[in-house]
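Q: with the input below, show me the fold.
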Amino acid sequence: MPTVYNFEAKSIQHYILESGKLKDMIGASEKIEYLCCDKGLLDQAKVQFARKAGGAFAAIFSKHQEAERFQAAWTFCVQKVCPGLEFVQGIGTGEDLKVAIEKAANAFKTDDHNRLLFLLPLAGPLVARNPRTGQPAVFLDRVQGREERLDAITKTKRHPKFRSGRALLIDKFGLKNEGELVYYWPTNLEFQEQSDEEITFPFLKDNQYLGIIHADGNDLGQLSKTVQDKLLKNPDSYARIMKDFSEAIQDTTVKSARQATIHLTGEVEKFSRIIPARPLVLGGDDLTFIVRGDLALNFTQVFLEKFEECSQQALTQLKDTHNELKTILPQQLTACAGIAYIKASQPFYQGYDLAESLCKHAKTFSHEHLDKNKLMPSSIAFHRITTSIIGDYKTILERELTIGSGNERIQITMQPYLVGDVKATVNNHECVYLTYLQTLFDFLNEEEVSHGTAREFLSLLEIDRNQAEQAMQRWYDNMDKRGEMDLLNRFEQVLEKLIQKPDANMDQKQKFLKNQNVPPSVMRLL
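A: Below you'll find the model as predicted:
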């Protein structure tokens, strides 16, 4: 009878980011990639797969005993290659493939997600520990005259095969020789710990902010379920077509990330061949990237735009190849992203948690602004960490980005921002487009615009709203007296674009501004 075995690595990002050192992140991400990539650990098994990417797969067997033998061997190998990596799994056998898939899914859901993984040695009171992870040390690493105690998990991440990060994940980008230049990926964030074989991350002078980016496809889970239900009507072709669908999603993510990276190389100095970024997760519809702070937003915007474009090409090809998919696949796919701006010295795993929370916030907003059976628009939310305690974005909105009390409460952000060609279909007047925010940014950076006035307005807004309005009014009056109405008119046009939406009439816009508690001095410009 047909048997299905599902496997998925759990908490991949936390496994990768645990120590906070880029060299360990690279080794961990290469290990995760090695599990399911071509010519990787799983590729050595002669098994039929319905999907295989990003540390997860679904394998189909003809006998239950074969699946059990494979499960025993596979879990042993995973624990040897990636000690400390958590995972969930499930086996299901049925009279037909559909029943087997359902039973495997149920077993997968009921698998013990909270099982404890024991690693030796145990942490006794006299055992030395890795100061970064708190785990018992098993090895003393000596580099450049420095000594560092490593635990068992970190030691495997620094294995020479994975440590350099020159294969697997990076090979997906094909940027070894783009045009006439040879590009290199950084392998170290700390210049003082750089060895002869390492490449230090190209930070800006006196600015060590990084953007931790997490992006995720919209409604891919539901789409996969729809495709699966359709294909189960013809079990003979299920595995083949389902694998093609999975690979199309994977290729879309990789191509989009590659295009965003190529765009990134055009943004840096011409003499620099070190890419100011590093991929950590690139599997399925998930992306986790570290990008230099000043380039992170632009990189993410390009990725989301290319994701829509590349997915349209991939889905069109799938429809042309498989008639079964013509009526159920959408025209294209969309994604949302979150960016946590964090200093290189701050905990990366907390920064990732915030990026994931920002991505979730963007997804929720996009979902609230579409009709049923319509595509979710792509959107971005971001936040720069300025406090020692890093919470989720909902808490940050309440404690850091909302000022005033009672009816005078103001939320000093309009996030998330929409990106791409897919428009919101419900309450579009509530949506702000990233391109218009960038227009405002460019305007405020012009020499003719008083930067001090803008900073003063924002500072006073947190202290006293009336003083903030008076400061804005003084700036408006002074510009009028100096005859600089052209600048004011341009400012009005920029704000008009930021608020005005294609389907919003004036009443909707004024109501929206009022609900946002926009000061009258600004509303007058609009």
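
Q: in the longest helix along the chain, what counts as buried?
A: Looking across the chain with DSSP state H, the single longest helix is helix 238-267. Under the neighbour-count criterion of 16 or more other CB atoms under 10 Å, helix 238-267 has 238-239, 241-246, 248-265 buried. C-betas here are computed from N, CA, C, even on glycine.

Q: kindly report the same for stretch 143-150.
A: For stretch 143-150, by 16+ other CB under 10 Å, it's 148-150.

Q: now do stretch 30-45, average pLDDT.
A: Averaging pLDDT along stretch 30-45 yields 82.

Q: again with stretch 349-366
A: Stretch 349-366 shows an average pLDDT of 93 in the prediction.

Q: just the CA trace of that stretch, in CSV.
A: This file holds the C-alpha atoms of stretch 349-366, laid out as CSV (Å, rounded to 0.1, in the frame of the first residue of the first chain):
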residue,chain,number,x,y,z
TYR,A,349,18.1,35.9,16.8
GLN,A,350,16.1,38.7,18.4
GLY,A,351,16.5,40.8,15.3
TYR,A,352,15.1,37.9,13.2
ASP,A,353,12.2,37.5,15.6
LEU,A,354,11.3,41.1,15.0
ALA,A,355,11.7,40.7,11.2
GLU,A,356,9.4,37.8,11.3
SER,A,357,6.9,39.8,13.3
LEU,A,358,7.1,42.7,10.8
CYS,A,359,6.5,40.3,8.0
LYS,A,360,3.4,38.9,9.8
HIS,A,361,2.2,42.4,10.4
ALA,A,362,2.5,43.2,6.6
LYS,A,363,0.7,40.0,5.7
THR,A,364,-2.2,40.7,8.1
PHE,A,365,-2.5,44.2,6.6
SER,A,366,-2.4,43.0,3.0
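
Q: contact partners of that stretch?
A: 13-14, 17-18, 20, 210, 212-216, 218, 288, 334, 336-340, 342, 376-383, 385, 390-394, 396, 415-416, 418, 424 (CB atoms under 8 Å, 6 or more residues apart in numbering).

Q: can I get the buried part of the residues you listed as one ChimeraX selection?
A: A single ChimeraX command selects the buried members of these (16+ other CB under 10 Å):
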select :13,17,18,20,210,212,213,214,215,216,218,288,334,336,337,338,339,340,342,376,377,378,379,380,381,382,383,385,390,391,393,396,415,416,418,424
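
Q: ok, back up a step: what's the longest helix of the chain packed up against?
A: Counting contacts by 3 or more CB pairs under 8 Å, 6 or more residues apart in numbering; DSSP states H and E, helix 238-267 packs against strand 48-53, helix 220-231, strand 277-283, strand 286-292, helix 296-321.

Q: strand partners (parallel or antiparallel) of the third one?
A: Pairing partners of strand 277-283, with direction, according to DSSP bridges: strand 286-292 (antiparallel).

Q: and if you look at the first one?
A: Taking DSSP bridges as the criterion, strand 48-53 pairs within the sheet with strand 56-61 (antiparallel).

Q: next one: the partner strand to chain centre, how far?
A: 26 Å (CA atoms, centre = their mean, to the nearest Å).

Q: and the next element down the chain from that strand?
A: helix 64-81 (DSSP states H and E).

Q: touching that following helix from outside, list them.
A: With CB under 8 Å, 6+ apart, helix 64-81 has contacts from 1, 3-5, 7, 9, 31, 34-35, 41-42, 45, 47, 59, 61, 85, 87, 89, 91, 93, 156.

Q: quick one, it and strand 56-61 angle?
A: Helix 64-81 runs at 150 degrees relative to strand 56-61, counting by axes from the mean of the first three to the mean of the last three CA atoms, to 10 degrees.

Q: export helix 64-81 to PDB, keeping only CA atoms.
A: Provided in PDB are the C-alpha atoms of helix 64-81 (Å, rounded to 0.1, in the frame of the first residue of the first chain):
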ATOM      1  CA  HIS A  64       5.300   0.900   4.900                       C
ATOM      2  CA  GLN A  65       8.400  -1.100   5.900                       C
ATOM      3  CA  GLU A  66      10.500   0.800   3.400                       C
ATOM      4  CA  ALA A  67       9.300   4.100   4.800                       C
ATOM      5  CA  GLU A  68      10.200   3.100   8.300                       C
ATOM      6  CA  ARG A  69      13.700   2.000   7.300                       C
ATOM      7  CA  PHE A  70      14.200   5.200   5.500                       C
ATOM      8  CA  GLN A  71      12.900   7.200   8.500                       C
ATOM      9  CA  ALA A  72      15.300   5.500  10.800                       C
ATOM     10  CA  ALA A  73      18.300   6.000   8.600                       C
ATOM     11  CA  TRP A  74      17.400   9.600   7.700                       C
ATOM     12  CA  THR A  75      16.900  10.800  11.300                       C
ATOM     13  CA  PHE A  76      20.200   9.300  12.300                       C
ATOM     14  CA  CYS A  77      22.000  11.100   9.500                       C
ATOM     15  CA  VAL A  78      20.300  14.400  10.300                       C
ATOM     16  CA  GLN A  79      21.400  14.200  13.900                       C
ATOM     17  CA  LYS A  80      25.000  13.400  12.800                       C
ATOM     18  CA  VAL A  81      25.200  16.200  10.200                       C
END
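
Q: after it, next one along is what?
A: strand 86-93.

Q: hey, which helix or strand in this protein has the poorest pLDDT?
A: helix 520-523 (a mean of 47; mean pLDDT, DSSP states H and E).

Q: residue ranges with poor pLDDT in the protein?
A: Residue ranges of the chain with pLDDT under 70: 112-117, 144, 161-167, 176-181, 191-196, 269-271, 500-526.

Q: tell me the domain ranges of it?
A: Using automatic domain parsing, the domain ranges for the chain come out as 1-124, 207-426, 428-523.

Q: how about the ones you listed in TSV, adding distance to residue 132?
A: Compiled in TSV, the domains of the chain are given as follows (distance: least, CB to CB, whole Å):
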stretch	distance to residue 132
domain 1-124	5
domain 207-426	10
domain 428-523	36
